[in-house]
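**Q** Sequence and predicted model, in that order:
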Amino acid sequence: MSFIETAAAAGYQAFQGLRATPSVRGRTVVVVGASAGIGRSVALEYARGGAEVLLCARRAAELEQVTGECLAAGAAAAHWVAGVLHEAAAAAGYQAFQGLRATPSVRGRTVVVVGASAGIGRSVALEYARGGAEVLLCARRAAELERVAGECVAAGAAAAHWVAGDVTRLETQLAVRERAGRSWDRVDYLVLCAGALSVQAVVDLWGMRQGGGGALRAADGAAAERADRALRRIMDVNVHAPAALAALLLPLVAAGRGVIVVVASAAGLMAAPTRALYSASKHAVAAYFDALRMEVRGLGVAVTVAYPGSVDTALRHSAVDAPAAAAAPPPAASAGPRMAPAECARRIVRAAALRRRALVTPWPYAAAALLHAVAPALVDALAERKYRQRA
Ligand SMILES: NC(=O)c1ccc[n+]([C@@H]2O[C@H](COP(=O)([O-])OP(=O)(O)OC[C@H]3O[C@@H](n4cnc5c(N)ncnc54)[C@H](OP(=O)(O)O)[C@@H]3O)[C@@H](O)[C@H]2O)c1
């Protein structure tokens with residue numbers, strides 16, 4: 001550069017420098033187009049300054065990576081939403097609105113996650129692990145649990161323990177309590193995630209459909225027994241087990257003035273065709289924990305009920321009423337977009353940290369729930385259409 005060019009550039013910079021850059025510490029920042037290039041660097045710059053960032057772009061894997069970089073660089077918190085621009089912008093607006101309150105830290109907190117071997121529960125465990133919490137995991141598959149415990153330690157968990165067993169069994173419930181009590185004098189977060197689905201229309205579950213035309217035959221004894229088993233099983237997994245675990249662990253949760261989180265479902269707010277058993281169980285579990293919230297408030301315990309919409313997991317393979325025919329295809333996933341389990345987990349962990357009473361996510365389900373309160377028949381019609389498309 002010539003002397004004159006250098007002097008001009010220096011003068012320009014000196015002129016700019018007369019005003020110092022205001023601090024961005026604690027500021028909330030949305031960066032759209034943050035997975036690469038200038039957007040990524042902008043996000044990192046805010047992160048270095050201690051801001052809380054929300055990143056949007058199409059590529060989820062890159063966004064997750066930049067989120068990690070932002071946290072490592074010093075961001076107070078980092079969130080991401082993947083999607084094409086108009087979807088991401090709507091979700092980002094919703095999140096930014098929520099994000100005005102920073103997420104309290106979970107470092108050093110003690111967390112029990114039930115249903116942690118896969119899906120949302122695994123992601124919840126990892127989210128707490130990344131925050132530096134100590135986790136105790138439970139589910140049936142020991143090998144999967146061991147693997148998730150290893151992932152938690154690698155992600156930053158202070159420690160990761162696990163107990164394998166069916167949570168509908170008292171011995172498993174007692175083993176979880178015993179393991180938590182052996183390691184800790186309190187439980188800060190009890191996250192009840194284990195769940196099962198149902199996928200059959202009532203007339204199919206009871207074996208009443210015959211050919212086309214809508215004529216029904218009477219249910220026979222075998223079908224009635226099958227239906228009864230499915231109903232009892234879904235209630236055992238989705239209602240009885242979380243109710244029992246919450247009671248058994250309540251003294252430990254109360255000792256830490258902690259939070260009980262139960263993962264219900266949007267089906268616990270609005271029923272859907274082919275989901276009668278599932279919707280009934282999720283309405284029941286939500287009502288149970290709504291009542292419990294009032295009862296334990298005086299103990300300093302908060303209760304958060306999460307109502308996620310469709311999340312991209314293998315939940316449909318857990319159907320208690322899966323059609324018996326070996327040739328039957330696996331039950332279809334919900335039509336329309338499905339949230340990533342990591343994103344769902346992040347929102348659940350945040351809602352719990354803020355001791356929110358409820359979380360309905362993603363936002364279109366919150367809108368639908370509001371609409372359902374004033375125009376339930378309209379929401380029924382939308383649900384019928386959505387589930388007809390899947391058939
Ligand atoms: N995916 C969605 O679209 C969605 C939407 C709204 C709400 N939810 C709710 O979110 C929760 C988690 O579902 P997900 O989608 O993450 O399903 P998922 O991928 O099938 O995970 C379910 C977890 O629960 C465990 N589990 C199931 N039955 C159990 C039992 N009897 N004893 C112990 N552990 C058991 C499973 O582990 P093992 O198989 O190893 O036991 C697994 O870790 C459920 O309550 C579900 O209803 C899901």
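**A** All right, it came through fine. Residues are numbered from 1 along each chain as shown.
**Q** Can you list the helices and strands that the top helix by length along the chain packs against?
**A** Counting by DSSP state H, the longest helix found in the chain is helix 276-296. Helix 276-296 sits against helix 221-235, helix 241-255, strand 259-263, strand 302-308, with contacts defined as 3 or more C-beta pairs under 8 Å, 6 or more residues apart in numbering; DSSP states H and E. For glycine as for every other residue, the C-beta is placed from the backbone atoms N, C-alpha and C.
**Q** tell me the angle it makes with helix 241-255.
**A** 20 degrees (axes from the mean of the first three to the mean of the last three C-alpha atoms, to 10 degrees).
**Q** Would you mind pulling the contact partners of helix 276-296?
**A** 196-198, 201-202, 205, 230-231, 234-235, 237-239, 242-243, 246, 250, 254, 260, 262, 264-265, 267-272, 302-303, 305, 307, 320-321, 357 (C-beta atoms under 8 Å, 6 or more residues apart in numbering).
**Q** The ligand contacts on the stretch 101-250 of the chain?
**A** Taking C-beta under 6 Å from any ligand atom, the part of the stretch 101-250 of the chain that reaches the ligand is made up of 115-121, 139-141, 144, 166-168, 193-196, 237.
**Q** could you pull out the strands for the stretch 101-250 of the chain?
**A** Shown for the stretch 101-250 of the chain, the strands assigned by DSSP state E, counting those that start in this stretch span residues 110-114, 134-139, 159-164, 189-192.
**Q** give me the number of residues near residue 47?
**A** 27 (other C-beta atoms under 10 Å).
**Q** before we move on, back to that, out of the helices and strands packed on helix 276-296, deepest packed?
**A** strand 259-263 (a mean of 27; mean count of other C-beta atoms under 10 Å).
**Q** about what we covered before: would you reformat the strands of the stretch 101-250 of the chain as JSON lines and include mean neighbour count and mean pLDDT?
**A** JSON lines is the format used below for the strands of the stretch 101-250 of the chain (neighbours: other C-beta atoms under 10 Å; pLDDT from 0 to 100):
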{"stretch": "strand 110-114", "mean neighbour count": "30", "mean pLDDT": "98"}
{"stretch": "strand 134-139", "mean neighbour count": "26", "mean pLDDT": "98"}
{"stretch": "strand 159-164", "mean neighbour count": "20", "mean pLDDT": "98"}
{"stretch": "strand 189-192", "mean neighbour count": "28", "mean pLDDT": "98"}
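**Q** Can you add distance to residue 350 and give these back as CSV?
**A** Shown next, in CSV, are the strands of the stretch 101-250 of the chain (distance: least, C-beta to C-beta, whole Å):
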stretch, distance to residue 350
strand 110-114, 14
strand 134-139, 17
strand 159-164, 21
strand 189-192, 12
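**Q** now for the helices and strands packed on helix 276-296, which one comes closest to residue 181?
**A** Of all the helices and strands packed on helix 276-296, helix 241-255 sits nearest to residue 181, with 6.3 Å by C-beta to C-beta.
**Q** which other helices and strands contact the closest one?
**A** strand 110-114, helix 170-183, strand 189-192, strand 259-263, helix 276-296.
**Q** at 7 Å instead, please
**A** Applying 3 or more C-beta pairs under 7 Å, 6 or more residues apart in numbering; DSSP states H and E, one finds that helix 241-255 contacts helix 170-183, strand 189-192, strand 259-263, helix 276-296.
**Q** Mind listing the residues bridging to residue 163?
**A** residue 138 (DSSP bridges).
**Q** close to the ligand, is the helix or strand where residue 387 lies?
**A** Assessed by DSSP states H and E, residue 387 sits inside helix 376-390. No. Counting by C-beta under 6 Å from any ligand atom, the ligand has no neighbours in helix 376-390; the shortest distance is 13.0 Å.
**Q** list the buried ones in that helix?
**A** Across helix 376-390, burial judged by 16 or more other C-beta atoms under 10 Å covers 379, 383, 387.
**Q** Please tabulate those in JSON lines, including the columns pLDDT.
**A** Shown next, in JSON lines, are these (pLDDT from 0 to 100):
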{"residue": "379", "pLDDT": "95"}
{"residue": "383", "pLDDT": "92"}
{"residue": "387", "pLDDT": "84"}
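**Q** Now flag whichever of those is closest to residue 103.
**A** residue 379 (31.1 Å).
**Q** what about the closest one, distance to residue 277?
**A** Going from residue 379 to residue 277 by C-beta to C-beta, to the nearest Å gives 20 Å.
**Q** Residue 106 too?
**A** 34 Å.
**Q** Looking at these two, which one has more neighbours?
**A** Taking other C-beta under 10 Å, residue 106 and residue 277 do not tie; residue 277 has more neighbours (26 against 22).
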